[in-house]
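> this one's structure only:
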């Protein structure tokens, strides 16, 4: 039976987090699941009539981002463009609780805290209205060696040191439907320390029980049409 890698990763992080809470109980310790996979954001709605604003904080373990397509096919869509699309202000139909006149509000999202690891899920499977089934979006996307959330941060974070994320791993889906196919992964790992090679890193391609060395250039190229989940780390 086909299992979705995105659903599995989400469930696994939540399971590990719950187990850590159970083991540590009331101890005031920083949990690894929060250090690495806790992205706090502030979501605000501003009435377009009276400008009344109400905000709430939300927690994300990962971000699910849309795939787009540039008019010029020689310039493929990038992960940075997907992030900009995720954080772009959005007009929503909602009645204002303050003035009771406004029927639309502008929603904004700002990052309040940055995790050590940024896990991105690409929405490659979309519902086809004709068949009412999932079809796969095979559009190209450029992962990029590094990305930044700085432009999407709250002012309190913008005043701190700028942080960037470097590519650490990619899960790719090979196949045409959401209910079939095959998953492989490319990951960066630290080599065993030897004299003169401290902290040296290498890329490894995993395909079921087979693991072999690969290069970053190959990782970026082969995942343009099949990347499904992307991991960046500080």
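Noted; the coordinates are in hand. This is a predicted model, so every value here is computed, not measured. Numbering: from 1, shown residues only.

> what does stretch 145-155 contact?
Contacts of stretch 145-155 with the rest of the structure, by CB atoms under 8 Å, 6 or more residues apart in numbering, involve 42, 79-80, 83, 87, 109-112, 114, 118, 157-158, 162-167, 216, 220, 232. For the C-beta atoms, the positions are set from N, CA and C on the backbone; glycine is no exception.

> in helices, which of those fall?
When DSSP state H is applied, the contacts of stretch 145-155 are split such that 79-80, 83, 87, 157-158, 216, 220 fall in helices.

> now, of those residues, which are buried?
Buried subset of the ones in helices among the contacts of stretch 145-155 (neighbour count, 16 or more other CB atoms under 10 Å): 79, 83, 87, 157, 220.

> and the nearest residue to the third one once chain neighbours are set aside, how many neighbours?
In space, and not counting its chain neighbours, residue 87 is closest to residue 152: 4.5 Å by CB to CB, 6 or more residues apart in numbering. The criterion is other CB atoms under 10 Å. On that basis, residue 152 has 19 neighbouring residues.

> what's the answer for residue 129, then?
Neighbours of residue 129 (other CB under 10 Å): 7.

> next: residue 91.
Neighbours of residue 91 using other CB under 10 Å come to 10.

> what values do phi and psi take at it?
phi -90, psi 130 (degrees, to the nearest 10).

> which residues does it contact?
Residues counted as contacts of residue 91 (CB under 8 Å, 6+ apart) are 48, 104-107.

> give the bridge partners for residue 90, please.
Beta-bridge partners of residue 90, counted by DSSP bridges, are residue 107.

> quick one: it from residue 223, how far?
Distance, residue 90 to residue 223, using CB to CB, to the nearest Å: 29 Å.

> compare the two (neighbour count), which wins?
Counted by other CB under 10 Å, residue 90 and residue 223 do not tie: residue 223 has more neighbours, with 21 against 12.

> what residues sit buried inside whichever strand or helix holds residue 169?
Applying DSSP states H and E as the criterion places residue 169 in strand 164-174. Within strand 164-174, the residues that qualify as buried are 165, 167-173, counting by 16+ other CB under 10 Å.

> for the residue positioned nearest the centre of the chain, which residues are in contact?
Geometric centre of the chain, nearest residue: residue 120, 1.8 Å, by CA atoms, centre = their mean. Contact analysis of residue 120 by CB under 8 Å, 6+ apart lists 62-65, 79, 82, 229-232.

> per-residue confidence at residue 12?
Looking at residue 12, its pLDDT stands at 96.

> repeat that for residue 133.
Reading off the confidence values, residue 133 has pLDDT 71.

> can you check residue 192 too?
70.

> how close does it get to residue 186?
20 Å.

> give me the more crowded residue out of the two.
residue 186 (24 against 7).
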